[in-house]
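> below are the sequence and a predicted model for it; my questions follow.
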Amino acid sequence: MLKIFTIVGARPQIIKAAAISRQVRTIFKGKIEEVIIHTGQHYDENMSQVFFDEMEIPKPDFNLNIGSGTHGSQTAKMIEGIEKLLLEHKPDALIIYGDTNSTLAGAIAASKIHIPVVHIEAGLRSYNKAMPEEINRILADHVSTLLFSPTKTGYTNLLREGFEDTEKSGRTKFDKDHPGIFHCGDVMYDNTLFFAEMAEKKSAALQQNNLTAGNFVLVTIHRPSNTDNQARLTPILEALNEITNEQNVEMILPLHPRTLKMLGNAEYTGIYEALKKNNRIKIIPPASFFDMIVLGKNAKLIITDSGGVQKEAYFFKKPSIVLRPETEWKEIVENGTAIIADADKQKIKSAYHYFSLKNDMSFPEVFGDGKAAEFICKKMLELL
Ligand code: UD1
């Protein structure tokens with residue numbers, strides 16, 4: 001029996017972990033045993049527990065309850081907690097997801113005590129180290145033993161950083177000095193395919209918010225680079241306000257707790273009041289996964305600074321406007337289905353106009369065939 005430990009902590013990781021957990025409990029039952037460690041990075045009910053419930057992920061075996069903090073302090077506490085559990089239980093490998101502080105903490109704790117690290121969503125790069133996530137993912141990749149990239153671009157990025165080309169090398173034994181890299185598709189796409197029908201049945205997000213399918217925009221804003229910088233957050237919010245005032249369209253914003261907290265600050269009083277008065281804009285608490293599926297599937301387009309939500313827009317064949325200066329998902333921009341608008345009010349507005357008039361977009365397969373988690377489990381059994 002292969003004994004793996006899994007680290008989750010932030011909202012998107014809980015979602016990603018659901019895909020592997022589902023495989024472990026079904027196809028790989030009796031072959032792989034999974035133990036889940038929740039770092040406690042996200043702790044609000046609607047940032048964490050709701051996903052375990054909806055996606056039927058087993059309750060974490062351990063919760064470190066680390067909570068919020070500066071990067072150094074949050075990560076350090078996690079490393080200490082994870083190391084202790086790894087030393088005690090000696091799993092065959094540790095799975096980490098994505099690029100959060102929880103990912104980095106897992107990578108450091110396990111690699112230093114020679115427990116193989118499996119990084120899911122490896123190889124992605126924004127080439128912008130002002131993002132903490134970029135630092136987390138580079139460091140995590142370079143101490144991992146098995147790296148699973150959701151896209152071809154991710155695989156190529158790893159080659160460029162000196163990783164041996166596993167598809168060509170013929171190597172079959174891997175360790176952190178000789179890591180294996182694989183292009184396997186995206187576990188989030190697995191989940192979207194698996195849960196879409198269930199979500200449509202169970203979520204009442206459209207009715208609850210009085211939304212008409214095809215006539216609203218889904219918006220998420222949570223990145224510190226936007227929320228913690230008035231010169232960026234203000235023009236983004238002004239663009240949203242102006243688009244709804246000038247166009248016959250509604251917007252729904254499930255807001256991350258930090259974004260909401262920021263809007264309470266004095267410098268945002270004017271624009272926050274304008275948004276609250278605007279009856280075409282609905283600000284709601286962070287949405288559950290099922291609600292996000294239904295909102296994404298039925299939106300006219302999606303405006304976001306989230307990596308995951310950009311991808312989900314593509315899964316649902318919706319155009320997206322990216323509120324960042326760059327993206328790790330460059331395929332969706334090259335396909336003409338996403339526009340990088342940064343925090344530029346005019347760019348956001350003109351991207352909206354452009355997509356409003358465009359009816360002929362195509363969404364070729366970029367994120368695999370919905371079987372990424374199965375591929376990863378097979379490889380882990382074969383190679384660890
Ligand atoms: C983290 C990840 C980011 C990911 C995002 C998804 C890092 C560096 N960033 O960002 O890659 O896209 O999660 O949401 O790991 N807060 C609450 N309740 C919660 C969680 C957070 O109120 O349940 C507030 C706290 O004020 C906290 C702030 O949000 O200080 C930031 O939380 P943090 O865990 O540091 O990272 P995120 O910004 O959520």
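Received the coordinates, thanks. Residues are numbered from 1 along each chain as shown.
> alpha carbons only for contacts and neighbour counts from here, please
OK.
> what's the closest non-adjacent residue to the closest residue to the ligand within the stretch 1-150 of the chain?
The ligand sits closest to Thr100 of the stretch 1-150 of the chain, with a gap of 3.2 Å, by Cα to the nearest ligand atom. Of all residues beyond its chain neighbours, the one nearest Thr100 is Glu133 (5.7 Å), with distances taken as Cα to Cα, 6 or more residues apart in numbering.
> contact partners for the one you found?
Asp99, Thr100, Asn101 (Cα atoms under 8 Å, 6 or more residues apart in numbering).
> the first one sits in which helix or strand?
Assignment of secondary structure by DSSP states H and E places Asp99 within no helix or strand.
> okay, now it: neighbour count?
Asp99: 26 surrounding residues under other Cα atoms under 10 Å.
> which residues touch it?
The neighbourhood of Asp99, defined by Cα under 8 Å, 6+ apart, consists of Glu133, Glu134, Asn136, Arg137, Ala140.
> out of those, which touch the ligand?
By Cα under 6 Å from any ligand atom, the members of these lying near the ligand are Glu133.
> how is the chain partitioned into domains?
As assigned by automatic domain parsing, the chain contains the domains 2-186+368-383, 197-357.
> would you format those as JSON lines with mean pLDDT included?
Below are those laid out as JSON lines (pLDDT from 0 to 100):
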{"stretch": "domain 2-186+368-383", "mean pLDDT": "97"}
{"stretch": "domain 197-357", "mean pLDDT": "97"}
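> ok, the closest residue to Ile57 other than its chain neighbours to Leu104 distance?
Residue nearest to Ile57 in three dimensions, not counting chain neighbours: Ala18, with 5.7 Å by Cα to Cα, 6+ apart. Going from Ala18 to Leu104 by Cα to Cα, to the nearest Å gives 20 Å.
> and those two? which has more neighbours close in?
Leu104 (26 against 23).
> for the more buried one, what are its contacts?
Taking Cα under 8 Å, 6+ apart as the criterion, Leu104 is in contact with Thr75, Asn136, Arg137, Leu139, Ala140.
> what's the answer for Lys345, then?
Pro235, Ile236, Glu238, Ala239.
> inside strands: which ones of those?
Secondary structure of the contacts of Lys345 is defined by DSSP state E; no position falls in strands.
> make JSON lines out of the residues you listed and add distance to Lys330 and neighbour count.
Compiled in JSON lines, the contacts of Lys345 are given as follows (distance: Cα to Cα, whole Å; neighbours: other Cα atoms under 10 Å):
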{"residue": "Pro235", "distance to Lys330": "24", "neighbour count": "17"}
{"residue": "Ile236", "distance to Lys330": "22", "neighbour count": "23"}
{"residue": "Glu238", "distance to Lys330": "27", "neighbour count": "17"}
{"residue": "Ala239", "distance to Lys330": "24", "neighbour count": "20"}
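> show me what counts as buried in the helix or strand where Glu134 lies.
Here Glu134, judged by DSSP H and E, is contained in helix 132-141. Buried residues in helix 132-141, counted by 16 or more other Cα atoms under 10 Å: Glu133, Glu134, Ile135, Asn136, Arg137, Ile138, Leu139, Ala140, Asp141.
> between those, which is closest to Leu211?
Nearest to Leu211 among the buried residues of helix 132-141 is Glu133, at 33.6 Å by Cα to Cα.
> how near is that closest one to Phe216?
From Glu133 to Phe216 the distance is 30 Å (Cα to Cα).
> repeat that for Arg324.
21 Å.
> compare these two (neighbour count), which wins?
Phe216 (23 against 20).
> tell me what that one is bridged to.
Glu250 (DSSP bridges).
> so what's it up against?
Contacts for Phe216 were tallied using Cα under 8 Å, 6+ apart; they are Val249, Glu250, Met251, Ile252, Ala299, Lys300, Leu301.
> out of the residues you listed, who's nearest the ligand?
For those, the nearest to the ligand is Ile252 (17.3 Å; Cα to the nearest ligand atom).
> chain neighbours aside, what residue packs nearest to the closest one?
Lys282 is the one closest to Ile252 (Cα to Cα, 6+ apart), at 4.8 Å.
> confirm that that neighbour sits in a strand.
Yes - assessed with DSSP: H, G, I helix; E, B strand; the rest coil, Lys282 lies in a strand.
> about what we covered before: can you name the element that comes right after the stretch of helix or strand the residue nearest to Ile57 belongs to?
Assessed by DSSP H and E, Ala18 sits inside helix 11-25. Counting by DSSP H and E, the next helix or strand C-terminal to helix 11-25 is strand 32-38.
> ok, that following strand: who's next to it in the sheet?
Taking DSSP bridges as the criterion, strand 32-38 forms sheet pairs with strand 2-8 (parallel), strand 62-63 (parallel).
> deepest-packed of those strands, please.
Of all those, strand 2-8 carries the top mean neighbour count, a mean of 21, counting by mean count of other Cα atoms under 10 Å.
> how about it, does it reach the ligand?
No - figure legend: strand 2-8 not in contact with the ligand (Cα under 6 Å from any ligand atom); closest approach 10.7 Å.
> what's in contact with that strand?
14, 17, 31-39, 91-97, 102-103, 106, 381.
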